[in-house]
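Novice: quick one, structure for this:
(chains A, B and C)
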Amino acid sequence: MSNFFTMLADPNMRWIFFGCMLLGLSSGVIGSFTYLRKQSLVGDTLAHAALPGICIAFMLTGVKSIGIFLIGATLAGIVATFGIGYITRHSRLKQDAALGIVLSSFFGLGIVLLTFIQHGDYGNQAGLDKFLFGQAAAMVGSDVMTMSVMSAFLVTICALLFKQFKLISFDPGFAKGLGYNVGLLEQLLMLLVVVAVVAGVQAVGVVLIAALLITPAVSARYWTNRLGTMIILSGAFGALSGALGTWISSSVSNLPTGPVTVLAATAVFVLSVLLGPERGLLAKRILQARVKRSFLKENEVLHTASGERMKGETAG
Amino acid sequence: MSISNAIPGASAAATQGASPLAINGLSVAYQKKPVLRGVTFEVNEGELIGVIGPNGAGKSTMIKAALGLIPAIGGEVLVYGKSLKSQRRLIGYVPQRESVDWDFPTNALDVVLMGTYGRLGWYRRPGAKEKAFALDCLSKVGMADFADRQISQLSGGQQQRVFLARALVQDAKLYFMDEPFAGVDAATEKAIITLLQELKRQGKTVIVVHHDLATVKQYFDSVLLLNVELQAFGPTETTFTQEQLQHTYGGRLSFLDPGSLAVSGAGGGGGRP
Amino acid sequence: MSDFWILLTGSLVAACCGIVGVFLVLRKIAMIGDAISHSVMPGIVIAFLISGTRDSLVMMFAALLFGLLTTFLIGLFQRSGIQSDASIGVVFTALFAIGVILVSLFARQVHLDQDAILYGEIAFVHWNLWEVGGVSMGPKAVWLLGVTLIVIAAVIGLFYKQFKLCAFDPALAAAIGIPVALFHYMLMGLVSMATVSSFESVGAILVVGMLIIPASTAYLLTDRLGMMISLSIAVGVASTFAGYGASIILDASIAGCIVCAAGLLFVAAFLLSPSHGLISRRLRQRKLAAETTANGARAV
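Specialist: As a prediction, the model looks like this:
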């Protein structure tokens, strides 16, 4: 615990710590919507697809700035989303294959560009590969500021458009009937995912940022059946993971932040799977046993009543 | 069927006397919800049996549980007096047409040949004999000209007939068919019913999940009325009555006239949870 | 000579991944390939830390174990009510994170750095030779991939009809007594083997490209399963040759270029395939529309 306070004593680390918490919070919130829209792996694909966008942005400008990366990643994300939709609509391939194709070819391109940058004359290239797994401790004040502002922006948009996002997650057809521009809202949600990916790229990295979008949301689903509660919980789980990830990775040398954050989120997930009321494994086991027992008892009564022979209960 | 000797395990002795299918206390539950409760019945050999009931009554579930495709929480299934496992070769199955991906890269003949996989064992592949038999079965359902056709290019009715040909190739004694009449054209419906009659003539037993109440009397020897629990089971004449149907469907049945029955609020689809 | 070994290695990767990839795509579980290719990583690192060698057999065993564990966990969470894509996402990110952490903590012992994980070391494949009694037998990776290919071809060849039926109609497969779960895990085992053999050459993330892209490309070119498998391998090998050529010209990552080449071949098939391509289908539609209007005009 003592190194926790040493960390907080360092003003830069303090900023990073709160920035990562905010990042976890915002991606947890967005992830709830993508989970309910059954698009969890779209987040993963967009995260991988951001890599070539970031590389191209860097190659064109030669500047390592989160704002410029955001533009590059957003454009790449839009192309990727379009590609996934185009493949599934215009061929007999299903969404899973489309995701895999887009993910790996974009990432392949990203790696080609990354080696370009490493071999080429791009001067200030050092550290671009940190974007793959994230290194929160390497962030400077302005990076943290940008990340925090972006995260706050995401949470605000989600709060403002809660009603609309809820509807397009649950029943897009009905939303259309109400006169919402569903296509635009869906695009906006995708855009927010891209923003979350870019916001998290320095702290968590493109390879694992998807976990911050998926795992807290899935964990939250175990505890509640209400969307509002689920989003708050998911945000809280995300924030907790971000905090733990930053703290642990900053106290052990050589430890990238992304994987530690992901494991913190996974720990929360495992607890949720085991202990969640109603949906948790434990609760389910108990319920199953109870249902089975009551059925068997009922059957026994039935059989003895009608005087039928019993042959034991071998499941077919 | 031309080569019933293709099933080594199906000696006459093994199948004599016992009922083709005896189900005792079969129960299935998804989570808290019971979908099938204490179903007990025994079918007679050589009959066409219709399984009737409203949506969500557990018709498909019953077939799947009887085949061991989904776990039952209790109950026993006997096929010709023995456990299901040892008698799989005697069983033919026609799943719902929507249960498979028709974009799969294969042609009609190939799908029919899949019916032989059960008796070919682990390593053998279908050879010339199986191919000839499969073609024979395809022509029985009027699809011989489509043997080489990619399956996604077939109409719904044609796909259903390919499935039936595949069941014929299985050369079983007891057939389960899950809504074979759903969404097919008139020609296919006629082809299916001719086929069912032919199977019956050969002494096979066929259990069919069916939706269209208007045709029940015409098609089936016996009916099994199901709504989570078994409501009634017996010869169509005495069991398929207004009173029993009202009982099975609750208030959801509206009679237009005794000849043609219609169900309100119970459209297509199987009884999945 | 190095060109030869690199191309041979790449082609073997293409063949291993191409065969199992077909079944992943047909069963609509392509992203499970993505998951397995990430989650064998901790297996490889743990095997290395325990055994202290980069012995291929030990690594293969560990990777198999983790591949099956991944499949099992995904299935477990799915059955407990989580959507399949979310359970895939949770499982592979967690396992991959463990792998990356182990690499970072034990970087000095492991000799597996993050670059190798991402890009693979196909350029150095001819440096890592297998020697028997002082006689060089050729690159280790080639032997490993060759054995893997033989195992994959043997298993799929022997149980072709079971894999086919399990992919097309698992309900019927179960009804006629084929152990569907066994064949599912067998396929996943083969995917894990293909992944770990390819891992050192092309890197964790690009393996998934070789699993999914050539198989998807083949799916757009043919209506026969056997043909689809052959085409999938062919597309993968073609990508290897084109990609390697491009990487020399561009002085860029070989693995990255191979996957990009595969992506371009996919786009070509997507547009130009005679049976399922966008252009031919558009043309057919136009022709049909023209015929209908012509018939309509005649009727009037």
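
Novice: need phi/psi at the spatially most central residue of chain B.
Specialist: Geometric centre of chain B, nearest residue: B:Met177, 1.5 Å, by Cα atoms, centre = their mean. Main-chain torsions, B:Met177, degrees, to the nearest 10: phi -130, psi 120.

Novice: so who does it touch?
Specialist: B:Tyr93, B:Val94, B:Leu164, B:Ala167, B:Val206, B:Ile207, B:Val208, B:Val209 (Cβ atoms under 8 Å, 6 or more residues apart in numbering or on different chains). C-betas here are computed from N, CA, C, even on glycine.

Novice: among these, which ones lie close to chain C?
Specialist: B:Tyr93 (Cβ under 8 Å from any Cβ of the partner chain).

Novice: circling back: A:Phe269 versus the residue nearest to the centre of chain B, what's the distance?
Specialist: B:Met177 sits 43 Å away from A:Phe269, taking Cβ to Cβ, to the nearest Å as the criterion.

Novice: just the helices from the chain, written as ranges.
Specialist: Reading this off chain A. A:2-9, A:11-36, A:40-61, A:66-90, A:95-119, A:141-160, A:162-170, A:172-177, A:182-200, A:209-221, A:227-251, A:257-275, A:281-306 (DSSP state H).

Novice: try again with chain C
Specialist: Going by DSSP H, chain C shows helices at C:2-26, C:30-51, C:56-79, C:84-105, C:107-110, C:114-119, C:140-158, C:160-168, C:170-175, C:180-202, C:204-219, C:225-250, C:254-272, C:278-299.

Novice: residue nearest the centroid of the chain?
Specialist: In the absence of a named chain, this looks at chain A. Residue closest to the mean C-alpha point of chain A, counted by Cα atoms, centre = their mean, is A:Leu213 at 1.0 Å.

Novice: wait, chain C was what I had in mind.
Specialist: Geometric centre of chain C, nearest residue: C:Leu211, 2.1 Å, by Cα atoms, centre = their mean.

Novice: OK, contacts around it?
Specialist: C:Leu211 neighbours (Cβ under 8 Å, 6+ apart): A:Gly100, C:Cys17, C:Val20, C:Gly21, C:Leu24, C:Ala30, C:Gly33, C:Asp34, C:Ser37, C:Val191, C:Ala194, C:Thr195.

Novice: next, count neighbours for the fourth one.
Specialist: C:Gly21 sits with 32 neighbouring residues when counted by other Cβ atoms under 10 Å in any protein chain shown.

Novice: so who does it touch?
Specialist: By Cβ under 8 Å, 6+ apart, the contact set of C:Gly21 is C:Ala30, C:Gly33, C:Met210, C:Leu211, C:Ile212, C:Pro214, C:Ala215, C:Ser232.

Novice: how about those in JSON lines, adding pLDDT and distance to A:Thr261?
Specialist: Shown next, in JSON lines, are those (pLDDT from 0 to 100; distance: Cβ to Cβ, whole Å):
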{"residue": "C:Ala30", "pLDDT": "91", "distance to A:Thr261": "27"}
{"residue": "C:Gly33", "pLDDT": "88", "distance to A:Thr261": "25"}
{"residue": "C:Met210", "pLDDT": "93", "distance to A:Thr261": "29"}
{"residue": "C:Leu211", "pLDDT": "94", "distance to A:Thr261": "27"}
{"residue": "C:Ile212", "pLDDT": "95", "distance to A:Thr261": "27"}
{"residue": "C:Pro214", "pLDDT": "96", "distance to A:Thr261": "34"}
{"residue": "C:Ala215", "pLDDT": "96", "distance to A:Thr261": "33"}
{"residue": "C:Ser232", "pLDDT": "97", "distance to A:Thr261": "37"}
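
Novice: now for C:Glu131: which residues touch it?
Specialist: By Cβ under 8 Å, 6+ apart, the neighbours of C:Glu131 are C:Met137.

Novice: which parts of the stretch 51-200 of chain A sit against chain B?
Specialist: Counting by Cβ under 8 Å from any Cβ, the stretch 51-200 of chain A sits next to chain B at A:Arg92.

Novice: what residues does the stretch 51-200 of chain A put near chain C?
Specialist: Contact residues (Cβ under 8 Å from any Cβ) of the stretch 51-200 of chain A with chain C: A:87, A:90-94, A:96-97, A:99-101, A:103-105, A:107-116, A:119, A:129, A:132-133.

Novice: at 6 Å what do you get?
Specialist: A:90-91, A:93-94, A:96-97, A:100-101, A:104-105, A:107-109, A:111-112, A:115-116, A:119, A:133 (Cβ under 6 Å from any Cβ of the partner chain).

Novice: the residue nearest to the centre of chain A against A:Gly31, yeah?
Specialist: Yes - counting by Cβ atoms under 6 Å, A:Gly31 is a contact partner of A:Leu213 at 3.9 Å.

Novice: give me the common contacts of the two.
Specialist: Both A:Leu213 and A:Gly31 lack any common contact, where contact means Cβ atoms under 6 Å, 6 or more residues apart in numbering or on different chains.

Novice: wait, A:Lys176 touches A:Leu185, no?
Specialist: No - counting by Cβ under 6 Å, A:Lys176 does not reach A:Leu185; the two are 10.1 Å apart.

Novice: checking whatever residue of the stretch 101-250 of chain B ends up closest to chain C next. Helix, strand or coil?
Specialist: Closest approach between the stretch 101-250 of chain B and chain C, counting by Cβ to the nearest Cβ: B:Gly118, at 3.4 Å. Put simply, B:Gly118 is helix when judged by DSSP: H, G, I helix; E, B strand; the rest coil.

Novice: OK, contacts around it?
Specialist: B:Gly118 neighbours (Cβ under 6 Å, 6+ apart): C:Ile176.

Novice: quick one: pLDDT of it?
Specialist: At B:Gly118, the predicted lDDT confidence score is 84.

Novice: strands of chain B, start to end?
Specialist: Shown for chain B, the strands assigned by DSSP state E span residues B:22-30, B:33-42, B:48-52, B:74-79, B:82-83, B:91-94, B:174-178, B:205-209, B:222-227, B:229-235, B:253-255, B:261-263.
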